[in-house]
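from the sequence below, what's the structure:
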Amino acid sequence: MLFADLLGKHILVVEDDYLQANALGAALEEQGSEIVGPFPGLEDGLSAIEREPVDAAVLDIQVNETRIFPLADRLAERGIPFVFVTGYNRDILPARFHGRDCIFKPVCMDALAVALATSITKADGEHGHKIPPAQVT
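Numbers count the residues shown, from 1 in each chain. Down below sits the predicted model:
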């Protein structure tokens, strides 16, 4: 199933497991998305959003023994939708992220696509318009 909300979107992927990162990227490319990354760590992700166009993100909660929450905060500040993926219990999320989608590992790629498309649609609604694909300025 293809989701129009993912077509042409630049999706940041931050995941430290090489095989999982490649699988996430491949699944999103099948949806017509452009992959930003994948990146294996927090600092790489933070750097990427400063230099690359990003419309949405898929974030592993724990990358290289570091929590991804500073990047999630930065994305939230910018109004960029994101979805968490994790092998941990949802209780690991700080209260400020309780309303965010969280997909559990092993990741069902269809569930990820649905959650990401829903997050993009919700962000579109909050901004009162469709978010066009990001562009480098």
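
with V63 as the reference, measure out to A113.
Between A113 and V63 the computed distance is 21 Å (Cβ to Cβ, to the nearest Å). Every C-beta, even on glycine, is put in place using the N, C-alpha and C of the backbone.

using CSV, write out every CA atom in the helix of greatest length in the chain.
Ordering each helix of the chain by length in residues (DSSP state H) puts helix 109-127 first. Provided in CSV are the C-alpha atoms of helix 109-127 (Å, rounded to 0.1, in the frame of the first residue of the first chain):
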residue,chain,number,x,y,z
MET,A,109,7.1,-1.5,7.8
ASP,A,110,3.4,-1.1,7.0
ALA,A,111,2.7,0.2,10.5
LEU,A,112,5.7,2.6,10.2
ALA,A,113,4.3,3.9,6.9
VAL,A,114,0.9,4.4,8.4
ALA,A,115,2.2,6.2,11.5
LEU,A,116,4.5,8.4,9.5
ALA,A,117,1.8,9.3,7.0
THR,A,118,-0.6,10.0,9.9
SER,A,119,2.0,12.3,11.6
ILE,A,120,2.5,14.2,8.4
THR,A,121,-1.2,14.6,7.8
LYS,A,122,-1.7,15.8,11.4
ALA,A,123,1.1,18.3,11.0
ASP,A,124,-0.5,19.5,7.8
GLY,A,125,-3.7,20.1,9.7
GLU,A,126,-2.1,21.9,12.5
HIS,A,127,-0.4,24.3,10.0
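
quick check: mean pLDDT across that helix?
Computed over helix 109-127, the mean pLDDT rounds to 87.

now do the buried residues in it.
M109, L112, A113, V114, A115, L116, A117, S119, I120, T121, A123 (16 or more other Cβ atoms under 10 Å).
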